[in-house]
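Peer 1: Predicted model follows, preceded by the sequence.
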Amino acid sequence: MDSVTIKILLFNDTNITCSKPLLWTQAVIDNTKPQFYACIIASVTHLIFWFQIIFCSSLRQRSLLWIYSYLITDIFLLVRFSFSYIVHTTSTECKPSRAWILFTCYFEATLDNYLNITEIYILLALNICRYVRIAYNRNVYQVDMKRLILTQFGIYLVPLVVFIVEFLFGWTQIKELISDSCDVFYTNVYIQVFSTIFGYALPMFLNVLVIYVSVRHVHLTSTLQPTQHHVSAREKYHRLLVIQFLCFYFIWGGLWSPYVIISQVSFSDHNVMYTVMLLSFIQIAFDPIIIAALDVRFWHEWRKIWIYIKNTIFFNRANRRRIQPLTMNSNSISVAAL
């Protein structure tokens, strides 16, 4: 029998009162409410974003593969938190089934780490594709689509295999606290260091490195032609990509990094955990806004929608001014007839 079930059964064997092991205490619920509200706001922003994708066919492009994969991972993070919040605020069973306890604990403890790892590697793949576009003027979304699909499959598969191996060998375990959330803790310090490097330090370093070489390439290209007053459309596009890199990563790194670092080192201060979790949900809420605001393709669609709305309103107003209702006085008509 696993340690998660043993803890709960021992707690229930007191026979003094109904323990409700999956139900959060009121203090935990109060501390989690800010994250819940941020989750609702994030759900609204993502819903608006995906409605735009559904109704605007020009935004359904291969070049947006990694961006949409990243935002879909955001949605799964919102689903994970919503599931955890609903279960822990509505579960009133004194002795839940063993299978339900295990599923809940492993779902909320491992899925969060897994999704955060896949997100940062998805962003790394996005950066590499953009660097190839900047440095070699090669559209990988047209010529290397099969490789991109295999890469995406590997991004989802490799972290999953790592988690399974760590659990099978007992290097990581699930820590379940009565009336609180489940968490992952490491039994081997070397595995903890490896997980921190694999899940945060390595992909973060590679992301920064790719951004640096992209900025350096754009800078060298501009300095090689100091007397050229005309800037080509391609150079403008490359500079725009670099600006997108810097703006997005500055916001993303500041809001997302604290939570990943603290979760990787199994930090025990609950107040700090609640704060960094709130920052991560704020980042999820801002993700579609930042991505849409920094991409000219979304700006073009917004401009089309605005022009359509403006023309529709002005057209209706003009029609109302031109077509005036015809009013007739029945008395005057009858007198004229006489």
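Peer 2: Great, that's in hand.

Peer 1: can you map out the strands along the stretch 1-150 of the chain?
Peer 2: Using DSSP state E, counting those that start in this stretch, no strands are found in the stretch 1-150 of the chain.

Peer 1: which regions of it sit below the pLDDT cut-off?
Peer 2: 1-18 (pLDDT under 70).

Peer 1: One more pass at 50, please.
Peer 2: 1-16 (pLDDT under 50).

Peer 1: what ranges do the helices span in it?
Peer 2: Listed in chain order, the helices of the stretch 1-150 of the chain (DSSP state H, counting those that start in this stretch) span 3-12, 26-55, 65-90, 98-136, 140-143, 145-168.

Peer 1: TSV please, covering those and showing distance to residue 243 and mean neighbour count.
Peer 2: Yep, even glycine has a C-beta here, placed from its N, CA and C like the rest. Rendered in TSV, the data for those read as follows (distance: least, CB to CB, whole Å; neighbours: other CB atoms under 10 Å):
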stretch	distance to residue 243	mean neighbour count
helix 3-12	48	15
helix 26-55	21	15
helix 65-90	16	18
helix 98-136	12	19
helix 140-143	20	13
helix 145-168	24	14
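
Peer 1: what is the mean pLDDT for the helix or strand where residue 306 lies?
Peer 2: Applying DSSP states H and E as the criterion places residue 306 in helix 296-322. Computed over helix 296-322, the mean pLDDT rounds to 73.

Peer 1: go on, stretch 206-222?
Peer 2: Average pLDDT, stretch 206-222: 85.

Peer 1: Buried by neighbour count: which residues of that stretch qualify?
Peer 2: Neighbour counts over stretch 206-222 (16 or more other CB atoms under 10 Å) mark 206, 207, 210, 211, 214, 215, 217, 218 as buried.

Peer 1: isn't the fourth one right up against residue 248?
Peer 2: No. Counting by CB atoms under 8 Å, residue 211 sits too far from residue 248 to count as a contact (10.0 Å).

Peer 1: Would you report the backbone torsion angles of residue 139?
Peer 2: Residue 139 adopts backbone torsions of phi -90, psi 100, taken as degrees, to the nearest 10.

Peer 1: how close does it get to residue 62?
Peer 2: 9 Å (CB to CB, to the nearest Å).

Peer 1: Can you tell me what sits against stretch 208-222?
Peer 2: 124, 127-128, 130-131, 134-135, 235, 238-239, 241-242, 245-246, 249 (CB atoms under 8 Å, 6 or more residues apart in numbering).

Peer 1: at 6 Å what do you get?
Peer 2: Applying CB atoms under 6 Å, 6 or more residues apart in numbering, the contact partners of stretch 208-222 are 127, 128, 131, 134, 135, 238, 239, 242, 245.

Peer 1: Point to the residue nearest the middle of the protein.
Peer 2: residue 74 (2.6 Å; CA atoms, centre = their mean).

Peer 1: Can you tell me which of the contacts of stretch 208-222 is nearest residue 162?
Peer 2: residue 128 (20.9 Å; CB to CB).

Peer 1: That closest one and residue 90: what is the separation?
Peer 2: 44 Å.

Peer 1: which stretches of the stretch 151-300 of the chain form strands?
Peer 2: For the stretch 151-300 of the chain, the strands defined by DSSP E, counting those that start in this stretch cover 172-176, 182-186.

Peer 1: Among those strands, which comes closest to residue 164?
Peer 2: Using CB to CB, those put strand 172-176 closest to residue 164, at 10.3 Å.

Peer 1: picking up where we left off before, quick one, grab the pLDDT at the closest residue to the residue nearest to the centre of the chain other than its chain neighbours.
Peer 2: Leaving aside its sequence neighbours, residue 74 sits nearest to residue 284 (CB to CB, 6 or more residues apart in numbering; 4.9 Å). Listed pLDDT for residue 284 reads 94.

Peer 1: Surely residue 284 touches residue 41?
Peer 2: No. Between residue 284 and residue 41 no contact is recorded; they are 9.3 Å apart, counting by CB atoms under 6 Å.

Peer 1: Can you tell me which of the buried residues of stretch 206-222 is closest to residue 57?
Peer 2: Distances from residue 57 to the buried residues of stretch 206-222, taken by CB to CB, are shortest for residue 214, at 29.8 Å.

Peer 1: so what's the closest one closest to, chain neighbours aside?
Peer 2: In space, residue 214 is closest to residue 131, 4.9 Å off (CB to CB, 6+ apart).

Peer 1: how close does that neighbour get to residue 210?
Peer 2: For residue 131, the distance to residue 210 - CB to CB - is 5 Å.

Peer 1: what does residue 106 give?
Peer 2: Distance from residue 106 to residue 210, by CB to CB: 34 Å.

Peer 1: one step back: let's have the buried residues of stretch 206-222 in CSV, adding distance to residue 262.
Peer 2: Formatted as CSV, the buried residues of stretch 206-222 follow (distance: CB to CB, whole Å):
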residue, distance to residue 262
206, 21
207, 19
210, 25
211, 24
214, 29
215, 29
217, 35
218, 35
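
Peer 1: now, which of those residues lie within helices?
Peer 2: Among these, the ones falling in helices (DSSP state H) are 206, 207, 210, 211, 214, 215, 217, 218.

Peer 1: Now do the second one against residue 101, distance only.
Peer 2: Going back to what we said before, that points to residue 207. Counting by CB to CB, the gap from residue 207 to residue 101 is 37 Å.

Peer 1: Many thanks, we can stop here.
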